[in-house]
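Undergrad: all I have is the shape, not the residue letters:
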Ligand code: RP5
């Protein structure tokens, strides 16, 4: 896709380290879709496909992407490596790992050295959803219709919260 078309149609890149991350990262994709924000999802493992990762990250801006959401689990170098090679804002999603419940992923992503930022979200589904929302907020700074859709999304969320709890089951 040409860079101009991508900037218009799919400004968000969602990258992840493995197919197994998609169960988490699909929540970012679904949230972006609900807001009418186009995205492309790709597997670019820092460890298994390092050349693919470098090619993606080095050309992401020139290719027309405006924001990157990067999810990985365990030794989660992916978001930091992407941030090292692109000036675009990078939001990191720690995927919940089996052995350490995602604490390993979180620490791998959040503890970046000063100068190479990754905006790190919560572990798992909540982090994936919030990464999409914060990516949309960035894009909405220069996209008033999107800003209005974001306001509407939040209003719907607020309207869905009951004032009193009900017993379930
Ligand atoms: C990381 O290793 C991926 O981000 C994934 O979360 C984790 C496990 O990958 P698989 O063994 O499930 O492919 O690179």
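TA: Sure thing, it's come through. For clarity, every value in this text was computed on a predicted model and none was experimentally measured.

Undergrad: ok so residue 72 is a strand residue?
TA: Yes: secondary structure assignment places residue 72 in a strand (DSSP: H, G, I helix; E, B strand; the rest coil).

Undergrad: got a list of what it touches?
TA: 16-18, 21, 46, 78-79, 92-95, 105, 108-109 (Cβ atoms under 8 Å, 6 or more residues apart in numbering). Glycine gets a C-beta too; all of them are placed from N, C-alpha and C.

Undergrad: which bits of this structure sit near the ligand?
TA: Within the chain, the residues that sit near the ligand (Cβ under 6 Å from any ligand atom) are 17, 18, 20, 21, 45, 47, 72, 73, 74, 95.

Undergrad: quick one: mean pLDDT over the one helix or strand residue 41 maps to.
TA: Element membership for residue 41 (DSSP states H and E) is strand 39-43. Computed over strand 39-43, the mean pLDDT rounds to 98.

Undergrad: helices or strands up against it?
TA: strand 12-16, helix 22-34 (3 or more Cβ pairs under 8 Å, 6 or more residues apart in numbering; DSSP states H and E).

Undergrad: just checking: what are the partner strands of that strand?
TA: Its sheet considered, strand 39-43 pairs with strand 12-16 (parallel) by DSSP bridges.

Undergrad: what's in contact with the strand it pairs with?
TA: By Cβ under 8 Å, 6+ apart, strand 12-16 touches 22, 25, 28-29, 32, 37-44, 53, 56, 60, 65-72, 78, 82, 95, 132, 135, 139.
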